[in-house]
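Chemist: Can you look at this prediction? I've put the sequence above it.
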There are 2 protein chains.
Amino acid sequence: MLAASALENLIEALKRLPGVGQKSAQRMAYHLLQHDREGARQMAKALSTATESIGHCQRCHTFSETELCLICSDGARDARLLCVVETPADQAALERTGSYRGYYFVLLGRLSPLDGIGAREIGAEELLARAAQTEVEEVILASSFTAEGEATAHVLAEALRSRGIKATRLARGVPVGSELEYVDLGTIAHALSDRR
Amino acid sequence: MLAASALENLIEALKRLPGVGQKSAQRMAYHLLQHDREGARQMAKALSTATESIGHCQRCHTFSETELCLICSDGARDARLLCVVETPADQAALERTGSYRGYYFVLLGRLSPLDGIGAREIGAEELLARAAQTEVEEVILASSFTAEGEATAHVLAEALRSRGIKATRLARGVPVGSELEYVDLGTIAHALSDRR
(Lines give C-alpha, C1' and ligand atoms only; values in the text may rest on other atoms or scores of the structure.)
Protein backbone atom coordinates (compact mmCIF):
# COMPACT_ATOMS: atom_id res chain seq x y z
CA MET A 1 0.00 0.00 0.00
CA LEU A 2 2.53 2.57 1.15
CA ALA A 3 5.76 1.75 -0.57
CA ALA A 4 6.40 2.69 -4.15
CA SER A 5 7.76 -0.30 -6.05
CA ALA A 6 11.10 1.34 -6.90
CA LEU A 7 11.62 1.84 -3.17
CA GLU A 8 10.71 -1.77 -2.41
CA ASN A 9 13.13 -2.97 -5.07
CA LEU A 10 15.89 -0.86 -3.59
CA ILE A 11 15.26 -2.22 -0.10
CA GLU A 12 15.23 -5.80 -1.42
CA ALA A 13 18.50 -5.19 -3.26
CA LEU A 14 20.22 -3.67 -0.21
CA LYS A 15 19.21 -6.72 1.85
CA ARG A 16 21.60 -8.78 -0.24
CA LEU A 17 24.52 -7.04 1.44
CA PRO A 18 26.07 -9.17 4.21
CA GLY A 19 24.81 -8.21 7.67
CA VAL A 20 21.97 -6.07 6.33
CA GLY A 21 18.40 -7.02 7.25
CA GLN A 22 15.02 -5.43 6.58
CA LYS A 23 15.44 -2.61 9.08
CA SER A 24 18.95 -1.60 8.03
CA ALA A 25 18.07 -1.84 4.34
CA GLN A 26 15.08 0.42 4.92
CA ARG A 27 17.20 2.91 6.82
CA MET A 28 19.83 2.87 4.07
CA ALA A 29 17.27 3.37 1.32
CA TYR A 30 15.60 6.25 3.15
CA HIS A 31 18.96 7.82 3.90
CA LEU A 32 20.10 7.65 0.29
CA LEU A 33 16.84 9.04 -1.07
CA GLN A 34 16.52 11.76 1.53
CA HIS A 35 20.08 12.92 2.11
CA ASP A 36 22.45 11.45 -0.43
CA ARG A 37 21.08 10.93 -3.94
CA GLU A 38 24.50 11.76 -5.31
CA GLY A 39 25.89 8.89 -3.20
CA ALA A 40 23.24 6.56 -4.58
CA ARG A 41 24.17 7.45 -8.16
CA GLN A 42 27.85 7.02 -7.36
CA MET A 43 27.14 3.62 -5.80
CA ALA A 44 25.12 2.47 -8.81
CA LYS A 45 28.00 3.41 -11.07
CA ALA A 46 30.67 1.81 -8.87
CA LEU A 47 28.66 -1.42 -8.69
CA SER A 48 28.19 -1.62 -12.47
CA THR A 49 31.84 -0.84 -13.15
CA ALA A 50 33.04 -3.34 -10.55
CA THR A 51 30.90 -6.23 -11.77
CA GLU A 52 31.94 -5.56 -15.36
CA SER A 53 35.64 -4.93 -14.95
CA ILE A 54 36.82 -6.91 -11.92
CA GLY A 55 37.82 -10.49 -12.61
CA HIS A 56 40.45 -12.74 -11.09
CA CYS A 57 44.20 -12.71 -11.52
CA GLN A 58 45.12 -15.76 -13.59
CA ARG A 59 48.10 -16.58 -11.42
CA CYS A 60 47.07 -15.87 -7.82
CA HIS A 61 43.24 -15.73 -8.17
CA THR A 62 42.85 -12.43 -6.30
CA PHE A 63 40.51 -9.72 -7.65
CA SER A 64 42.07 -7.92 -10.57
CA GLU A 65 41.02 -5.74 -13.48
CA THR A 66 43.87 -7.09 -15.56
CA GLU A 67 44.95 -10.63 -16.47
CA LEU A 68 47.75 -10.51 -13.90
CA CYS A 69 47.23 -8.48 -10.70
CA LEU A 70 49.63 -5.70 -9.70
CA ILE A 71 51.51 -7.96 -7.29
CA CYS A 72 51.91 -10.90 -9.68
CA SER A 73 53.13 -8.58 -12.42
CA ASP A 74 55.68 -6.97 -10.09
CA GLY A 75 58.98 -8.64 -11.01
CA ALA A 76 60.82 -7.11 -8.04
CA ARG A 77 59.20 -9.31 -5.39
CA ASP A 78 60.77 -12.38 -3.81
CA ALA A 79 59.81 -15.33 -6.02
CA ARG A 80 61.07 -17.83 -3.44
CA LEU A 81 58.12 -17.13 -1.14
CA LEU A 82 54.48 -17.97 -1.82
CA CYS A 83 51.87 -17.03 0.78
CA VAL A 84 48.50 -18.81 0.75
CA VAL A 85 45.55 -16.77 2.08
CA GLU A 86 41.80 -17.34 2.12
CA THR A 87 40.55 -14.03 0.76
CA PRO A 88 41.68 -10.83 -0.96
CA ALA A 89 40.92 -9.10 2.36
CA ASP A 90 43.47 -11.32 4.14
CA GLN A 91 45.95 -10.55 1.38
CA ALA A 92 45.32 -6.82 1.84
CA ALA A 93 45.95 -7.17 5.59
CA LEU A 94 49.27 -8.92 4.98
CA GLU A 95 50.27 -6.28 2.43
CA ARG A 96 49.52 -3.52 4.91
CA THR A 97 51.98 -4.99 7.43
CA GLY A 98 54.71 -4.13 4.92
CA SER A 99 56.76 -7.10 6.12
CA TYR A 100 56.14 -9.56 3.30
CA ARG A 101 57.75 -9.23 -0.12
CA GLY A 102 56.86 -12.54 -1.76
CA TYR A 103 53.93 -13.54 -3.95
CA TYR A 104 50.47 -14.74 -2.99
CA PHE A 105 47.94 -17.41 -3.79
CA VAL A 106 44.34 -16.61 -2.86
CA LEU A 107 42.08 -19.62 -2.19
CA LEU A 108 38.85 -17.57 -2.34
CA GLY A 109 37.45 -19.77 0.42
CA ARG A 110 38.44 -22.52 2.79
CA LEU A 111 37.78 -26.24 2.85
CA SER A 112 34.27 -26.84 4.11
CA PRO A 113 32.94 -30.15 2.82
CA LEU A 114 29.50 -29.60 4.38
CA ASP A 115 29.08 -26.47 2.26
CA GLY A 116 30.33 -28.29 -0.82
CA ILE A 117 33.67 -26.48 -0.79
CA GLY A 118 36.34 -29.02 -1.54
CA ALA A 119 39.90 -28.99 -2.90
CA ARG A 120 38.67 -28.09 -6.38
CA GLU A 121 36.72 -25.01 -5.23
CA ILE A 122 39.70 -23.49 -3.44
CA GLY A 123 42.00 -24.18 -6.42
CA ALA A 124 44.28 -26.68 -4.65
CA GLU A 125 45.33 -28.10 -8.02
CA GLU A 126 46.47 -24.69 -9.30
CA LEU A 127 48.22 -23.95 -6.01
CA LEU A 128 50.24 -27.18 -6.21
CA ALA A 129 51.18 -26.42 -9.82
CA ARG A 130 52.18 -22.88 -8.84
CA ALA A 131 54.21 -24.10 -5.83
CA ALA A 132 56.01 -26.67 -7.98
CA GLN A 133 57.60 -23.90 -10.06
CA THR A 134 61.35 -24.04 -9.59
CA GLU A 135 61.80 -20.64 -7.97
CA VAL A 136 59.33 -21.29 -5.13
CA GLU A 137 61.23 -22.47 -2.03
CA GLU A 138 58.67 -22.06 0.71
CA VAL A 139 54.87 -21.92 0.87
CA ILE A 140 53.56 -19.96 3.87
CA LEU A 141 50.08 -21.14 4.83
CA ALA A 142 48.21 -18.10 6.17
CA SER A 143 44.65 -19.41 6.24
CA SER A 144 42.56 -18.40 9.27
CA PHE A 145 43.12 -19.90 12.71
CA THR A 146 39.59 -21.28 12.81
CA ALA A 147 38.67 -24.96 12.61
CA GLU A 148 38.09 -24.76 8.86
CA GLY A 149 41.14 -22.60 8.24
CA GLU A 150 43.32 -25.03 10.22
CA ALA A 151 41.91 -27.99 8.29
CA THR A 152 42.63 -26.20 5.03
CA ALA A 153 46.21 -25.48 6.11
CA HIS A 154 46.67 -29.10 7.24
CA VAL A 155 45.44 -30.61 3.97
CA LEU A 156 47.51 -28.23 1.85
CA ALA A 157 50.62 -28.76 4.00
CA GLU A 158 50.32 -32.54 3.58
CA ALA A 159 49.93 -32.23 -0.18
CA LEU A 160 52.85 -29.80 -0.50
CA ARG A 161 55.20 -31.84 1.71
CA SER A 162 54.38 -35.06 -0.15
CA ARG A 163 55.67 -33.25 -3.26
CA GLY A 164 58.84 -32.21 -1.45
CA ILE A 165 57.84 -28.55 -1.08
CA LYS A 166 58.52 -26.78 2.22
CA ALA A 167 55.29 -25.62 3.85
CA THR A 168 55.17 -23.35 6.90
CA ARG A 169 52.34 -21.87 8.93
CA LEU A 170 51.97 -18.39 10.46
CA ALA A 171 53.04 -18.42 14.12
CA ARG A 172 50.38 -18.81 16.77
CA GLY A 173 50.92 -16.85 19.93
CA VAL A 174 50.02 -13.96 22.16
CA PRO A 175 48.81 -10.88 20.19
CA VAL A 176 50.93 -7.75 20.40
CA GLY A 177 49.77 -5.38 23.14
CA SER A 178 47.75 -7.93 25.10
CA GLU A 179 48.04 -8.71 28.79
CA LEU A 180 48.54 -12.40 29.48
CA GLU A 181 45.73 -12.41 32.03
CA TYR A 182 43.14 -11.71 29.32
CA VAL A 183 44.47 -14.00 26.59
CA ASP A 184 42.53 -17.24 26.08
CA LEU A 185 44.13 -20.42 27.38
CA GLY A 186 44.47 -22.16 24.02
CA THR A 187 46.53 -19.24 22.73
CA ILE A 188 48.76 -19.26 25.81
CA ALA A 189 49.30 -23.01 25.51
CA HIS A 190 50.32 -22.57 21.87
CA ALA A 191 52.60 -19.63 22.70
CA LEU A 192 54.23 -21.77 25.36
CA SER A 193 54.86 -24.79 23.16
CA ASP A 194 56.05 -22.60 20.26
CA ARG A 195 58.38 -20.52 22.47
CA ARG A 196 61.65 -19.46 20.93
CA MET B 1 49.35 -1.14 -4.49
CA LEU B 2 46.99 -4.04 -4.00
CA ALA B 3 43.55 -2.78 -4.77
CA ALA B 4 42.28 -2.30 -8.26
CA SER B 5 40.72 1.11 -8.68
CA ALA B 6 37.22 -0.21 -9.48
CA LEU B 7 37.34 -2.08 -6.17
CA GLU B 8 38.48 1.04 -4.31
CA ASN B 9 35.69 3.05 -5.89
CA LEU B 10 33.15 0.44 -4.86
CA ILE B 11 34.40 0.44 -1.26
CA GLU B 12 34.32 4.26 -1.15
CA ALA B 13 30.76 4.27 -2.51
CA LEU B 14 29.55 1.66 0.00
CA LYS B 15 31.00 3.77 2.83
CA ARG B 16 28.34 6.38 2.08
CA LEU B 17 25.70 4.04 3.47
CA PRO B 18 24.71 4.94 7.05
CA GLY B 19 26.52 2.83 9.64
CA VAL B 20 29.01 1.41 7.15
CA GLY B 21 32.71 2.08 7.75
CA GLN B 22 35.87 0.97 5.98
CA LYS B 23 35.79 -2.61 7.31
CA SER B 24 32.13 -3.27 6.56
CA ALA B 25 32.38 -1.65 3.13
CA GLN B 26 35.36 -3.87 2.33
CA ARG B 27 33.50 -6.95 3.50
CA MET B 28 30.44 -5.98 1.45
CA ALA B 29 32.49 -5.35 -1.68
CA TYR B 30 34.35 -8.65 -1.35
CA HIS B 31 31.11 -10.49 -0.68
CA LEU B 32 29.38 -9.04 -3.73
CA LEU B 33 32.34 -9.73 -6.03
CA GLN B 34 33.01 -13.20 -4.70
CA HIS B 35 29.56 -14.59 -4.02
CA ASP B 36 26.82 -12.37 -5.40
CA ARG B 37 27.61 -10.56 -8.63
CA GLU B 38 23.97 -10.94 -9.62
CA GLY B 39 23.05 -9.09 -6.41
CA ALA B 40 25.51 -6.32 -7.26
CA ARG B 41 23.97 -5.88 -10.71
CA GLN B 42 20.49 -5.87 -9.19
CA MET B 43 21.54 -3.26 -6.63
CA ALA B 44 23.09 -1.02 -9.30
CA LYS B 45 19.83 -1.16 -11.25
CA ALA B 46 17.62 -0.57 -8.20
CA LEU B 47 19.73 2.44 -7.18
CA SER B 48 19.56 4.03 -10.62
CA THR B 49 15.84 3.45 -10.94
CA ALA B 50 15.17 4.76 -7.45
CA THR B 51 17.17 7.98 -7.86
CA GLU B 52 15.51 8.62 -11.20
CA SER B 53 11.92 7.79 -10.44
CA ILE B 54 11.33 8.46 -6.74
CA GLY B 55 10.36 12.02 -5.88
CA HIS B 56 8.12 13.47 -3.21
CA CYS B 57 4.33 13.49 -2.98
CA GLN B 58 3.18 17.07 -3.59
CA ARG B 59 0.65 16.93 -0.79
CA CYS B 60 2.27 14.97 2.06
CA HIS B 61 5.96 15.08 1.03
CA THR B 62 6.52 11.32 1.44
CA PHE B 63 8.52 9.38 -1.18
CA SER B 64 6.43 8.76 -4.25
CA GLU B 65 6.88 7.83 -7.87
CA THR B 66 3.77 9.79 -8.79
CA GLU B 67 2.68 13.38 -8.15
CA LEU B 68 0.38 12.23 -5.36
CA CYS B 69 1.33 9.19 -3.28
CA LEU B 70 -0.94 6.17 -2.97
CA ILE B 71 -2.32 7.31 0.37
CA CYS B 72 -3.00 10.91 -0.65
CA SER B 73 -4.76 9.75 -3.79
CA ASP B 74 -6.93 7.31 -1.81
CA GLY B 75 -10.25 9.11 -1.47
CA ALA B 76 -11.63 6.55 0.98
CA ARG B 77 -9.50 7.65 3.95
CA ASP B 78 -10.64 9.85 6.80
CA ALA B 79 -9.96 13.43 5.72
CA ARG B 80 -10.69 14.76 9.22
CA LEU B 81 -7.42 13.34 10.55
CA LEU B 82 -3.91 14.47 9.60
CA CYS B 83 -0.94 12.69 11.17
CA VAL B 84 2.44 14.45 11.22
CA VAL B 85 5.49 12.15 11.16
CA GLU B 86 9.22 12.78 10.77
CA THR B 87 10.09 10.26 8.08
CA PRO B 88 8.53 7.90 5.53
CA ALA B 89 9.80 5.08 7.78
CA ASP B 90 7.69 6.39 10.66
CA GLN B 91 4.74 6.64 8.30
CA ALA B 92 5.28 3.04 7.21
CA ALA B 93 5.33 1.92 10.86
CA LEU B 94 2.02 3.69 11.54
CA GLU B 95 0.51 2.17 8.40
CA ARG B 96 1.56 -1.30 9.49
CA THR B 97 -0.37 -0.96 12.75
CA GLY B 98 -3.52 -0.90 10.62
CA SER B 99 -5.20 1.35 13.17
CA TYR B 100 -4.98 4.71 11.43
CA ARG B 101 -7.18 5.64 8.47
CA GLY B 102 -6.46 9.36 8.05
CA TYR B 103 -3.91 11.18 5.92
CA TYR B 104 -0.28 12.02 6.64
CA PHE B 105 2.17 14.87 6.46
CA VAL B 106 5.85 13.88 6.40
CA LEU B 107 8.28 16.48 7.74
CA LEU B 108 11.36 14.74 6.28
CA GLY B 109 13.30 15.78 9.36
CA ARG B 110 12.84 17.43 12.73
CA LEU B 111 13.62 20.86 14.05
CA SER B 112 17.33 21.05 14.81
CA PRO B 113 18.54 24.66 14.64
CA LEU B 114 22.16 23.67 15.26
CA ASP B 115 22.10 21.56 12.08
CA GLY B 116 20.41 24.37 10.18
CA ILE B 117 17.06 22.57 10.09
CA GLY B 118 14.39 25.16 10.83
CA ALA B 119 10.67 25.52 10.19
CA ARG B 120 11.25 26.01 6.48
CA GLU B 121 13.25 22.79 6.04
CA ILE B 122 10.54 20.63 7.62
CA GLY B 123 7.82 22.33 5.55
CA ALA B 124 5.96 23.90 8.49
CA GLU B 125 4.41 26.44 6.11
CA GLU B 126 2.93 23.72 3.89
CA LEU B 127 1.74 21.77 6.94
CA LEU B 128 -0.16 24.77 8.29
CA ALA B 129 -1.73 25.39 4.88
CA ARG B 130 -2.67 21.70 4.64
CA ALA B 131 -4.10 21.67 8.18
CA ALA B 132 -6.15 24.80 7.50
CA GLN B 133 -8.16 22.95 4.84
CA THR B 134 -11.78 22.80 5.95
CA GLU B 135 -12.07 19.04 6.24
CA VAL B 136 -9.13 18.64 8.68
CA GLU B 137 -10.43 18.54 12.26
CA GLU B 138 -7.44 17.19 14.16
CA VAL B 139 -3.69 17.11 13.60
CA ILE B 140 -1.96 14.21 15.36
CA LEU B 141 1.68 15.05 16.09
CA ALA B 142 3.62 11.78 15.85
CA SER B 143 7.19 13.07 15.80
CA SER B 144 9.73 11.06 17.81
CA PHE B 145 9.83 11.15 21.60
CA THR B 146 13.37 12.48 21.58
CA ALA B 147 14.39 15.99 22.62
CA GLU B 148 14.30 17.24 19.03
CA GLY B 149 11.10 15.39 18.19
CA GLU B 150 9.39 16.83 21.29
CA ALA B 151 10.58 20.33 20.39
CA THR B 152 9.22 19.87 16.88
CA ALA B 153 5.86 18.71 18.22
CA HIS B 154 5.75 21.61 20.67
CA VAL B 155 6.46 24.28 18.03
CA LEU B 156 3.97 22.80 15.58
CA ALA B 157 1.29 22.41 18.26
CA GLU B 158 1.65 26.09 19.25
CA ALA B 159 1.39 27.22 15.63
CA LEU B 160 -1.62 24.99 14.95
CA ARG B 161 -3.49 25.99 18.12
CA SER B 162 -2.87 29.70 17.48
CA ARG B 163 -4.72 29.14 14.21
CA GLY B 164 -7.57 27.42 16.01
CA ILE B 165 -6.69 23.91 14.80
CA LYS B 166 -6.87 21.02 17.26
CA ALA B 167 -3.45 19.43 17.77
CA THR B 168 -2.91 16.18 19.69
CA ARG B 169 0.19 14.14 20.49
CA LEU B 170 0.67 10.35 20.51
CA ALA B 171 0.26 8.96 24.03
CA ARG B 172 3.36 8.39 26.12
CA GLY B 173 3.30 5.37 28.36
CA VAL B 174 4.45 1.87 29.14
CA PRO B 175 5.17 -0.18 25.99
CA VAL B 176 2.98 -3.22 25.37
CA GLY B 177 4.51 -6.43 26.74
CA SER B 178 6.93 -4.77 29.12
CA GLU B 179 7.32 -5.46 32.83
CA LEU B 180 7.12 -2.31 34.93
CA GLU B 181 10.34 -3.20 36.73
CA TYR B 182 12.36 -2.75 33.55
CA VAL B 183 10.68 0.37 32.16
CA ASP B 184 12.64 3.62 32.58
CA LEU B 185 11.42 6.00 35.26
CA GLY B 186 10.59 8.89 32.93
CA THR B 187 8.21 6.63 31.01
CA ILE B 188 6.53 5.40 34.22
CA ALA B 189 6.12 8.98 35.46
CA HIS B 190 4.46 9.94 32.17
CA ALA B 191 2.24 6.86 32.20
CA LEU B 192 1.19 7.76 35.74
CA SER B 193 0.32 11.39 35.00
CA ASP B 194 -1.46 10.43 31.74
CA ARG B 195 -3.44 7.60 33.38
CA ARG B 196 -6.99 7.10 32.16
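Modeler: Thanks, I have the structure now. Keep in mind that this is a model prediction, so the values were computed, not measured.

Chemist: Low-confidence bits of chain A, can you list those?
Modeler: Within chain A, the stretches with pLDDT under 70 are A:1-4.

Chemist: if we go to 50?
Modeler: Scanning chain A for pLDDT under 50 picks out the ranges A:1-3.

Chemist: Look through it and tell me its longest strand.
Modeler: Taking DSSP state E as the criterion, chain A has its longest strand at strand A:78-85.

Chemist: ranges for the helices of chain A?
Modeler: For chain A, the helices defined by DSSP state H occupy A:5-14, A:22-35, A:37-53, A:88-97, A:124-131, A:147-162, A:185-193.

Chemist: Now the ones you listed in CSV, please, with extra columns for mean neighbour count and distance to residue B:123.
Modeler: Yep, even glycine has a C-beta here, placed from its N, CA and C like the rest. Listed next are the helices of chain A as CSV, based on neighbours: other C-beta atoms under 10 Å in any protein chain shown; distance: least, C-beta to C-beta, whole Å:
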stretch, mean neighbour count, distance to residue B:123
helix A:5-14, 20, 20
helix A:22-35, 19, 13
helix A:37-53, 19, 18
helix A:88-97, 17, 44
helix A:124-131, 17, 60
helix A:147-162, 17, 54
helix A:185-193, 12, 58
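
Chemist: any chance of those in TSV, with distance to residue B:105 too?
Modeler: Output for these, formatted as TSV (distance: least, C-beta to C-beta, whole Å):
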stretch	distance to residue B:105
helix A:5-14	19
helix A:22-35	16
helix A:37-53	22
helix A:88-97	46
helix A:124-131	61
helix A:147-162	54
helix A:185-193	58
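
Chemist: To residue B:43, which of the ones you listed lies closest?
Modeler: helix A:5-14 (4.1 Å; C-beta to C-beta).

Chemist: Could you tell me the angle between that closest one and helix B:88-97?
Modeler: Interaxial angle of helix A:5-14 relative to helix B:88-97 (axes from the mean of the first three to the mean of the last three C-alpha atoms, to 10 degrees): 100 degrees.

Chemist: What are the contacting residues of helix A:5-14?
Modeler: With contact meaning C-beta atoms under 8 Å, 6 or more residues apart in numbering or on different chains, helix A:5-14 is reached by A:3, A:20, A:22, A:24-26, A:28-29, A:32-33, B:39, B:42-43, B:45-47, B:49-50, B:53-54, B:63, B:65.

Chemist: again, only using 7 Å
Modeler: If you take C-beta atoms under 7 Å, 6 or more residues apart in numbering or on different chains as the criterion, helix A:5-14 is touched by A:20, A:25-26, A:28-29, B:42-43, B:46-47, B:49-50, B:53-54, B:63, B:65.

Chemist: same question, stretch A:50-58
Modeler: For stretch A:50-58, the surrounding residues in contact (C-beta under 7 Å, 6+ apart) are A:62-65, A:67-69, A:72, B:4, B:6-7, B:10, B:33, B:37, B:40-41.

Chemist: and the two most separated of these?
Modeler: Spatial extent of those (C-beta to C-beta) is set by the pair A:72 and B:41 at 27.4 Å.

Chemist: And residue A:57, how close does it get to residue A:128?
Modeler: Separation of residue A:57 from residue A:128 (C-beta to C-beta, to the nearest Å) stands at 17 Å.

Chemist: got it, and residue A:99?
Modeler: For residue A:99, the distance to residue A:128 - C-beta to C-beta - is 26 Å.

Chemist: Residue A:189 too?
Modeler: The value you get for residue A:189 to residue A:128, if C-beta to C-beta is used, is 32 Å.

Chemist: Over to residue A:165?
Modeler: Distance, residue A:165 to residue A:128, using C-beta to C-beta: 8 Å.

Chemist: How about residue A:28?
Modeler: In terms of C-beta to C-beta, residue A:28 sits 43 Å off from residue A:128.

Chemist: Kindly report the same for residue A:58.
Modeler: With distances taken as C-beta to C-beta, residue A:58 is found 16 Å from residue A:128.

Chemist: tell me which of the contacts of stretch A:50-58 is nearest to residue A:175?
Modeler: Closest to residue A:175, out of all of the contacts of stretch A:50-58 and judged by C-beta to C-beta, is residue A:62, at 25.8 Å.

Chemist: check contacts around the residue lying closest to that closest one once chain neighbours are set aside.
Modeler: Leaving aside its chain neighbours, residue A:62 sits nearest to residue A:106 (4.4 Å; criterion: C-beta to C-beta, 6 or more residues apart in numbering or on different chains). Applying C-beta under 7 Å, 6+ apart, we find residue A:106 in contact with A:60-62, A:85, A:87-88, A:91.

Chemist: Farthest pair within the residues you listed?
Modeler: Using C-beta to C-beta, the contacts of residue A:106 span at most 12.2 Å, a distance reached by A:60 and A:87.

Chemist: So between those two, which is more surrounded?
Modeler: It is residue A:60, of residue A:60 and residue A:87, that has more neighbours when counted by other C-beta atoms under 10 Å in any protein chain shown, with 25 against 21.

Chemist: Confirm for me that the more buried one is in contact with residue A:72.
Modeler: Yes: applying C-beta atoms under 7 Å, one finds residue A:60 in contact with residue A:72, separated by 5.2 Å.

Chemist: residues shared between the contacts of those two?
Modeler: Residues touching both residue A:60 and residue A:72 (C-beta under 7 Å, 6+ apart) are residue A:103.

Chemist: for the contacts of helix A:5-14, which one is nearest residue A:170?
Modeler: residue A:20 (31.5 Å).

Chemist: For the closest one, which non-adjacent residue is spatially closest?
Modeler: Nearest one to residue A:20, counting by C-beta to C-beta, 6+ apart, is residue A:14 at 5.9 Å.

Chemist: Backbone torsions only: list them for the most centrally placed residue in chain A.
Modeler: Centrality entry for chain A: nearest residue to the mean C-alpha point is residue A:87, 1.2 Å, by C-alpha atoms, centre = their mean. In terms of degrees, to the nearest 10, the main-chain angles of residue A:87 are phi -140, psi 160.

Chemist: residues in contact with the nearest residue to it once chain neighbours are set aside?
Modeler: Closest residue to residue A:87 apart from its sequence neighbours, by C-beta to C-beta, 6+ apart: residue B:30 at 6.3 Å. Contact partners of residue B:30, counting by C-beta under 7 Å, 6+ apart, are A:87-89.
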